[in-house]
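Novice: Here you go, sequence then predicted model.
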There are 2 protein chains.
Amino acid sequence: MPSVTSTSFDSERVVADLRTLAERTGGEAGSRRLCWTPEWVEARNLLREHLATLPVDVDVDEAGNLWAYLRGESPDLLVVGSHLDSVPKGGWLDGALGVMSGLELLRSLASSGRPPISVALVDWADEEGARFSRSLFGSAAVAGTVDVEILRGLSDKEGNRLVDILPQHGVDIDRLDGARTRLENVKAYVEVHIEQGPVLESMGRGICTVTGTKGIERERLIFRGQAAHAGTMPMPMRRDSFRAASRFALAAAEIGDRHDGVTTVGAVACKPGVVTAVAGETMITLDMRHIDAGELAAMLDECRSAAAEAAAAEGCTVEWEHIFRIPPMPFHPRLLDAARESVREVEGHDIELPSGALHDASEMARHVPTVMIFSSSTNGLSHTAEEDTPHEHLVMAADAFHRTCQRTIELVRAGELG
Amino acid sequence: MPSVTSTSFDSERVVADLRTLAERTGGEAGSRRLCWTPEWVEARNLLREHLATLPVDVDVDEAGNLWAYLRGESPDLLVVGSHLDSVPKGGWLDGALGVMSGLELLRSLASSGRPPISVALVDWADEEGARFSRSLFGSAAVAGTVDVEILRGLSDKEGNRLVDILPQHGVDIDRLDGARTRLENVKAYVEVHIEQGPVLESMGRGICTVTGTKGIERERLIFRGQAAHAGTMPMPMRRDSFRAASRFALAAAEIGDRHDGVTTVGAVACKPGVVTAVAGETMITLDMRHIDAGELAAMLDECRSAAAEAAAAEGCTVEWEHIFRIPPMPFHPRLLDAARESVREVEGHDIELPSGALHDASEMARHVPTVMIFSSSTNGLSHTAEEDTPHEHLVMAADAFHRTCQRTIELVRAGELG
């Protein structure tokens, strides 16, 4: 493991940059950086102002991702970054922590002369997908996992079509594939992000290594029984779809808990959905996640059995509709070692967690050695104006990110990442 | 028990009148007699055409109820009737069976000369409440149980206010109280209706005596936990409001079943209500019914305990919001005897059921001796175009209704109903 040399990397400046960003594009009601809106452009303008003071080449790729290249001795490339876009009324740290930490990395490297390899900061476009319901837009375009035909059908709540909005930001949906060339020469990807969950806080810790992002199975279940009058249909003769859905929701929770994964029934709709009628049809959504593909598959199998049993117990049927699937994305063993070493140096422990949320790192991990660092999240809250992290945890996260990047640069230079 | 003398009452003509009504105001998609619409007025025009051939006084009261009085030897009054209004795409029998049976009663009595007491047919206005969400409108106005201030706030789905629509039908919301005078001289009320449930059919029977209408407790429950990211919040740390609601729904069903009542959770809404979030808040509706007030109160008590336990088990709280309450309305003992005798004569059994649905009879039973007769409902279906009843059961129901009315007239004449 290479040693870390002292640089001018200033973690306090990362937090100061985050506060400036929040002042310009946030406020009492939370961050206002919804992608493909003027306020998101304003956030990028702030980033461009910072980058203009550095010896970097800045451009935007075919998917709207903003890149800043610091050229080094070798064209081999370490990419760092995250996203400036936020959900409406979101938090000040989600995504922004990774971008501002990457900016500080460029500053510190530039101040020490020409680095041994090239380093790029990327601000991914539309990580949240909060406006058009397609998350990881920019990183998926670079990874080549975007389905353009699906994009053509997307509209926001006001009925604006994605294909009409993108050209306002220089993005042509038919040229997205061009962004894939950005993978050339990329040897590693490092991202620092808030946990967006309560685990680190519950352990009394500020940072940790992230082992990968969990695989996800997302399904829609429709339980069908018989709609009936709430007053005239005797209990023993009912085929109550909501009772079937209730049985399933409790069984699914037990399955997730037992496998040490997560299962969530988050959306529910009954038909006819009135106080005076037994629900003839109940739709629920199911989101399942696990860091291990085998465990995730087992959870799905058990949920299928549980749904069939719940339906049968109430004289109902159940139909499954697939929504979304992504496999677990384990991070790279050598970069995990680099992150562990860095976390140990900064906070003195070996804690590591899988990420329950997807990140741009999930797309990058498909193609290049990748790792992430987490900071804690106060009360586990994110995607809300209350999102926060103790100041000292932000400083530690930026520090551990920097140390991980230094180690990664050395691994790339030495040709140890292949 | 007085004996029944032969008259010209023709049960087949009741069914023929129902078919004519369905031809004029129904069709493939179901009945089109939503109250306070032109098609409901058209249904009433058909009724008025029939009444114009009879020696009856027809008028409309302050609540929009249509009355047809056949004057008898005494001003003492038997009221019969039901409602012509239907839900959108409703059935051909719900309400209409009682009106057309009452019409035939007037015909048969008029053909036999002046009856010993007066008899009135009433077509109640807006029994369904399907447009403005206030059922039993006309009968509640006569019973004096309408809250005018609540009526002022009601609008239909298009935003039309009830107070603006009623004057088009001659109804002034500030003069509703005038309808209460219609109770003068009323000594009894008899109504025949379809069961709207599957019980008679499941017993292989066509008709029965109705012992009363079940009391109803209708509540809204809001379970509150903590909204959280579906990927980042570990199962043991969740406070999942939908799991609390699911536990409660299963417990409530068990409570209703054990008390031989009915409990229904028919409407559900989660917040934020998306596939990727644990539901921080889940609203459900609860409808509970029982013919015995003590059992209904016990069911409510047990549901309160069950909700508190379900909430606690998931780290949530629960809040109750009262929606609606009506006590059980047991029918009159002497009229129940009259109905039982009639059902026995027509179908040869003593089956009796409480009504799980409310009827205009529920409002009348507050003030005057009341009874009802049920016909079966095919597959237990109502409020849908599929609503039906075997022809021979409709004929038996009209016949039993007629016999019950004849007995009631004799009881009133003899002063035995007080």
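Specialist: Yes, it's here. Numbering: from 1, shown residues only, chains lettered A, B, ... in the order given.

Novice: show me the residues around the residue positioned nearest the centre of chain A that make contact.
Specialist: Most central in chain A under CA atoms, centre = their mean is residue A:359, positioned 2.7 Å from the mean C-alpha point. When contacts are counted by CB atoms under 8 Å, 6 or more residues apart in numbering or on different chains, residue A:359 touches A:82, A:127, A:136, A:191, A:193, A:213, A:372. Every C-beta, even on glycine, is put in place using the N, C-alpha and C of the backbone.

Novice: For chain A, give me the ranges with low pLDDT.
Specialist: Within chain A, the segments meeting pLDDT under 70 span A:1-7.

Novice: mind giving me the domain split of it?
Specialist: A:11-214+A:328-413, A:215-326 (automatic domain parsing).

Novice: For residue B:320, which of these is the nearest?
Specialist: Closest to residue B:320 of those is domain A:215-326 (CB to CB; 13.8 Å).

Novice: got the end-to-end distance for that closest one?
Specialist: End-to-end span of domain A:215-326 (CA to CA, to the nearest Å): 5 Å.

Novice: do stretch A:195-206 as well
Specialist: 10 Å.

Novice: Over to stretch A:26-45?
Specialist: 15 Å.

Novice: what do you get for stretch A:45-64?
Specialist: Taking CA to CA, the first and last residues of stretch A:45-64 lie 14 Å apart.

Novice: For that stretch, buried residues please.
Specialist: In terms of neighbour count (16 or more other CB atoms under 10 Å in any protein chain shown), stretch A:45-64 has its buried residues at A:46, A:47, A:50, A:51, A:54, A:56, A:60, A:61, A:62, A:63, A:64.

Novice: count of neighbours near the residue nearest to the last one when sequence neighbours are not counted?
Specialist: Put plainly, it is residue A:64. Closest residue to residue A:64 apart from its sequence neighbours, by CB to CB, 6 or more residues apart in numbering or on different chains: residue A:125 at 3.6 Å. Neighbour count of residue A:125, defined by other CB atoms under 10 Å in any protein chain shown: 29.

Novice: wait, doesn't residue A:125 sit right on residue A:135?
Specialist: No. Residue A:125 lies out of contact with residue A:135 (CB atoms under 8 Å); the separation is 11.2 Å.

Novice: Which single residue in the stretch 1-150 of chain A comes nearest to chain B?
Specialist: Closest to chain B within the stretch 1-150 of chain A is residue A:135: 9.2 Å, counting by CB to the nearest CB.

Novice: just to revisit the earlier point, which one of the domains of chain A lies closest to residue B:301?
Specialist: Across these, residue B:301 has its closest neighbour in domain A:215-326 (18.4 Å, CB to CB).

Novice: could you dump stretch A:308-322 to PDB, C-alpha only?
Specialist: Extracted in PDB, the C-alpha atoms of stretch A:308-322 (Å, rounded to 0.1, in the frame of the first residue of the first chain):
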ATOM      1  CA  ALA A 308     -49.200 -16.700  -3.800                       C
ATOM      2  CA  GLU A 309     -49.900 -17.900  -0.200                       C
ATOM      3  CA  ALA A 310     -51.300 -14.500   0.800                       C
ATOM      4  CA  ALA A 311     -53.600 -14.400  -2.200                       C
ATOM      5  CA  ALA A 312     -54.800 -18.000  -1.700                       C
ATOM      6  CA  ALA A 313     -55.500 -17.300   2.000                       C
ATOM      7  CA  GLU A 314     -58.000 -14.600   1.000                       C
ATOM      8  CA  GLY A 315     -59.400 -16.300  -2.100                       C
ATOM      9  CA  CYS A 316     -57.600 -13.900  -4.400                       C
ATOM     10  CA  THR A 317     -55.100 -14.100  -7.300                       C
ATOM     11  CA  VAL A 318     -51.800 -12.200  -7.600                       C
ATOM     12  CA  GLU A 319     -50.100 -10.900 -10.800                       C
ATOM     13  CA  TRP A 320     -46.500  -9.600 -10.900                       C
ATOM     14  CA  GLU A 321     -45.300  -6.800 -13.200                       C
ATOM     15  CA  HIS A 322     -41.600  -6.200 -13.500                       C
END
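
Novice: That stretch near chain B at all?
Specialist: No. Judged by CB under 8 Å from any CB of the partner chain, stretch A:308-322 stays clear of chain B, getting no closer than 9.1 Å.
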